[in-house]
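Colleague: Sequence plus the predicted model coming up.
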Amino acid sequence: MSGVGQGNAGVAAPPAAWVASTREPGLLAAFWGRLRARPSAVVGLVVVGALMLMAALADVVAPYDPTATDWGNVRGAPSLAHPFGGDEVGRDVLSRIVYGARASLGAGLVSVLLAVSLGLPIGLVAGYAGGLVDGAIMRLTDALLAIPFLILAIALAAFLGPSLTNAMLAIGLSATSTFVRLTRAQVQAVAAEEFVEAARSVGNPPWRIALVHILPNIVPAILVQATLTIAAAIIAEASLSFLGLGQQPPEPSWGAMLNVAKNFMDQAPWMAIWPGLSIFVAVLAFNLLGDGLRDALDPRQRT
Amino acid sequence: MKAAPAYPVISVRNLSKSYPLRSWWGGKADVFRAVEDVSFEIRPGETLGLVGESGSGKSTIGRAVTMLNPPTSGTIAFEGIDLARLSPQALCRTRARIQTVFQDPYAALNPRMSAGAYVAEAFRLHRPDMARSERREAVASLFARVGLDPHFLGRYPHQFSGGQRQRICIARAIALKPSFIVADEPIAALDVSIQAQVVNLLQDLQDDLGLSYLFISHDLRMVRYLCHRVAVLWRGRIVELAESDRLYEDPRHPYTRRLLAAVPLPDPAAERARLAARETTNPAPGRPGDLVEVGPGHWVAADPLPEETDR
Amino acid sequence: MTGSTTRPPLLDVSDLAVSFDTEGGAVHAVNGVSYTLAEGETLGIVGESGSGKSVHVLAMLGLIPRPPGRVTRGKVWFGGRDLLALPERDLRRVRGGEIGFVFQDPMSSLNPGMSVAAQIVEPLRIHLGLDQRAARARARDLLDLVRIPNTKGRLDQYPHEFSGGQRQRVMIAIGLACRPKLLIADEATTALDVTVQAEIVALVQELRREIGMAIIWITHDLGVVAGISDTVQVMYAGRILERGPVDALFRDPRNAYTLGLLRSLPDLSRGRAGRKRLQQIDGAPPDMRTPPPGDPFAPRNAYATPRCRAEMPPLSQAPGAAPGHLVAAWYDLPALLTREAAQQGHTP
């Protein structure tokens, strides 16, 4: 912007034709440009995209039925027919990795979605309303934080039976308090800014200030945290499945595959290597993407 | 001043604002009195300057008058209506006619709202009957009115300079044809070469729209230029209130004198003489006393009262 | 160059240029700044944000973050050495030693977790090699020097226990701790109330008389500069547009930007009734990623000639002006003003 020569007050009203043709590159385009300028974020985005595509198109991508056993391929070493080898009952490891992505990524996405959809509104209310409401909500999240994640997961499994859905529920619930706290802190920071006061001064009702003026300004922080939490949730799902509290056999999940593979480490190390590597790559990709988003969404961090 | 109508646009009576200081267990320990017993009124088309050092309560008064931060006690009457008695809805409606221009145009704009949407919000809230196209045109002509290119409607705050941002804020402030604007240090955050632009714009708008201003500033040169009357605030109280010329030519309160003597002059010989002759009349300690009229419309605080300790 | 004295100048800045790499391209913050400062001279540098007034002194002392900042060319001679070529270790000895600093915000420049004594003692021990006891005694003298009452009781207090004006006094004490030959004050009174500003300006005046150091006083306020400077330098868009002895520059400005700044200030002694509309400078400072070719002020300048828009004028002696009064302008401002006045006389 050259900013030159716009100084004279008292310019006549513009012709209406001007008004229609005012399209500026929006905030989204600027954000996209900044994201693209970060190689690590692009790598993260591409890998995350590829993993999701793989999970969505598992029926097409996977060479075999992930639950079909083949006695000729029991603990079979990687070969042309089975590039990732076979597991303890002869199922194709590659196919199980591909289908396992559904469980792992799904668990990550669903549990974080649950955590955000609970945590964001609660945090918004706590941060903006303040007072007694805030106090009550915060004590509740404190209590929630005090329950160890594994205990909660085991308790849920005990009540509702072990399943992938219940694992997601446990992961989502334990991540909720993080989002309540983050949202609340962000809301309080934004609410103290002068433009919120300016919004009040022009006659905005409180609900509109919260939704129109505050919410859009905290979305970036939530988005970054959500991406990073997906990575953590993938590990959590793997841990629960490893302990037998998540995906139930014979359905595949990376964590469940590791659980079985630990018994065959010396005979069939590929059974452990591939799911382990998958978890590693997925977690790394989400973390790279999250860090990239953090930089790209905060215009102040521009160097 | 021309023959102004008798009734004031805004009338502030005995305004006080205090903040409870809480002890560690949450009980009331003490009270911090930010502003105490301040009264003034502003007539239609008049600019009242409010000067004083940081912490003197200038901004507190500005935010109390607009009910953004309602006073602890005292009344604020806008066009004869006591603002404290209005329902929240009625207060929202009245806000259309009382507007604020804030100090920092970098902070006062929502970074994720385009300039056009920001200005249009005034219509969206108070003129729900307006059609979309009508609203756009109204915003475009407001842009032109404050000297902004209407092509910039879709731009976001970070794409504007400081002076342009302040114009956006002013455009929104005048959108609903207010009669009274609180300008809280509107030029303090702007570059020197931009300040005159904004002051001229404020003056033009007053001439055209008959606005009244409460101009809060520490820039004593601009206050003299822009204001009909000036109130000097010290330690939360008005210590002197007079017509601008009178106050600058015949300051009575020691604090006013000290303030005026401290203004640097952009003339080397005069400024060197001022530095050499600097008088250091320190106001006496204690709370400033009540205002006494020493001349027509010239009010000066009486001798300090002994410091009062609060329970 | 303006060094009119026969002795070599204390500071000789030559063709200094600084840029910052940003995603939107390089920001050319300082574009070839050259000037000299004599011993004991007070130089007032006036400019608005983005003029390069602060950046160029920070660059001189290796204080801009690298990256994104870069000194692209230039030399800064001080005490027979080029500061830009000095290794960081030697530069550290200059900073806070021979060259003292006072920054804008006294609250954030002082460490809130360290007592005032510790912060004054630190440079004394580093630069002068004093032991703790001697440094502490000197710290007390310094607080006396900057007129902080009851220094004995206050040495071990923390910054929050001082008022804003007193904190700035402490900053000045730290800046003067090692008896610098040059004190650089960057917007040192901008954050202060006008009454406190007056006290700080008076204090610096007195200290200069007592100690005799040279001062670079960076500010946007023409009033402050008028009273304390020997020489004034006006900067805009990373360049010096005008420079001269203080009286000459205020009485007889030769650059349209200087004139515009002076004219845009309302007169404190003139009432509202007799006033004229403020003469505003239209437009806004240029975006330094894409500075305009030629004179950076030309797009806002009613007196600009086609040559101004194409070619940057050199900073050189203004014709018919006081010796050492330099201007960068292709136009002849006094002639234009005379013509303007004559025309206004014709057509009322």
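Modeller: Perfect, thanks for sending it.
Colleague: Look up the closest residue to C:L336, ignoring the ones flanking it.
Modeller: C:Y303 (5.3 Å; Cβ to Cβ, 6 or more residues apart in numbering or on different chains). For the C-beta atoms, the positions are set from N, CA and C on the backbone; glycine is no exception.
Colleague: What about B:A138, how many residues nearby?
Modeller: B:A138 has 18 neighbours, counted by other Cβ atoms under 10 Å in any protein chain shown.
Colleague: just C:P245 next, same as before
Modeller: 19.
Colleague: Quick one: residues contacting it.
Modeller: Counting by Cβ atoms under 8 Å, 6 or more residues apart in numbering or on different chains, C:P245 touches C:230-232, C:322, C:324-325.
Colleague: So in terms of bridging, what pairs with it?
Modeller: C:T231 (DSSP bridges).
Colleague: Look at residue 289 and tell me its secondary structure.
Modeller: Just going to use chain A. Secondary structure, DSSP: H, G, I helix; E, B strand; the rest coil: A:L289 is helix.
Colleague: sorry, should have said chain B
Modeller: Applying three-state DSSP: B:G289 is coil.
Colleague: thinking it is in contact with B:D303, fair?
Modeller: Yes. Counting by Cβ atoms under 8 Å, B:G289 does reach B:D303; the two are 5.5 Å apart.
Colleague: Show me which of the two is the more surrounded one.
Modeller: Neighbours were counted for B:G289 and for B:D303 using other Cβ under 10 Å; B:G289 has more, 14 against 9.
Colleague: residue contacts, the residue nearest to the more buried one when sequence neighbours are not counted?
Modeller: Distance criterion Cβ to Cβ, 6+ apart; nearest residue to B:G289, sequence neighbours excluded, is B:A302 at 3.3 Å. Residues near B:A302 by Cβ under 8 Å, 6+ apart: B:288-292.
Colleague: can you do 10 Å?
Modeller: B:A302 makes contacts with B:239, B:253, B:288-292, as judged by Cβ atoms under 10 Å, 6 or more residues apart in numbering or on different chains.
Colleague: for C:I228, same thing?
Modeller: Here C:I228 is in contact with B:264, B:268, B:271-272, B:275, C:42, C:44, C:185, C:201-202, C:204-205, C:208, C:215, C:217, C:219, C:246 (Cβ under 10 Å, 6+ apart).
Colleague: Which of the residues you listed fall in helices?
Modeller: Using DSSP state H, the members of the contacts of C:I228 that fall in helices are B:268, B:271-272, B:275, C:201-202, C:204-205, C:208, C:246.
Colleague: Greatest separation within those: which pair is it?
Modeller: The span of the ones in helices among the contacts of C:I228, defined through Cβ to Cβ, is set by C:A202 and C:V246 at 17.4 Å.
Colleague: which of the two has more neighbours?
Modeller: Comparing C:A202 with C:V246 by other Cβ under 10 Å, the one with more neighbours is C:V246, at 22 against 18.
Colleague: per-residue confidence at that one?
Modeller: pLDDT, the model's per-residue confidence, is 94 for C:V246.
Colleague: these two touch, right, it and C:W217?
Modeller: No. Between C:V246 and C:W217 there is no contact, the gap being 11.2 Å when judged by Cβ atoms under 10 Å.
Colleague: Now the common contact residues for these two.
Modeller: C:42-44, C:225, C:228-229, C:232.
Colleague: now, which of the residues you listed lie within strands?
Modeller: Residues of those located in strands (DSSP state E): C:42-44, C:232.
Colleague: Name the helix or strand of the chain that has the lowest mean pLDDT.
Modeller: With no chain named, the answer covers chain A. Here the helix or strand of chain A ranked lowest by mean pLDDT, DSSP states H and E is helix A:16-20, holding a mean of 34.
Colleague: oops, I was thinking of chain C
Modeller: Using mean pLDDT, DSSP H and E, the lowest element in chain C is helix C:106-109, with a mean of 68.
Colleague: Report all helices and strands that whichever helix or strand comes after it contacts.
Modeller: The helix or strand immediately downstream of helix C:106-109 is helix C:116-128, counting by DSSP states H and E. Helix C:116-128 sits against helix C:88-94, helix C:132-145, helix C:151-154, helix C:164-176, with contacts defined as 3 or more Cβ pairs under 10 Å, 6 or more residues apart in numbering or on different chains; DSSP states H and E.
Colleague: With just CA atoms, put the last one into PDB.
Modeller: The C-alpha atoms that make up helix C:164-176 are tabulated as PDB, following Å, rounded to 0.1, in the frame of the first residue of the first chain:
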ATOM      1  CA  GLY C 164       8.100   7.000  35.900                       C
ATOM      2  CA  GLY C 165      10.200  10.200  36.000                       C
ATOM      3  CA  GLN C 166      12.600   8.700  38.600                       C
ATOM      4  CA  ARG C 167      13.000   5.600  36.600                       C
ATOM      5  CA  GLN C 168      14.100   7.600  33.700                       C
ATOM      6  CA  ARG C 169      16.500   9.400  36.000                       C
ATOM      7  CA  VAL C 170      17.900   6.000  37.000                       C
ATOM      8  CA  MET C 171      18.300   5.200  33.300                       C
ATOM      9  CA  ILE C 172      20.200   8.400  32.700                       C
ATOM     10  CA  ALA C 173      22.400   7.500  35.700                       C
ATOM     11  CA  ILE C 174      23.100   4.100  34.100                       C
ATOM     12  CA  GLY C 175      23.800   5.800  30.800                       C
ATOM     13  CA  LEU C 176      26.200   8.200  32.400                       C
END
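Colleague: What does the residue of chain C found nearest chain A show for phi and psi?
Modeller: Proximity of chain C to chain A (Cβ to the nearest Cβ) peaks at C:D282, 2.9 Å away. Note on C:D282: its backbone torsions stand at phi -70, psi 170 [degrees, to the nearest 10].
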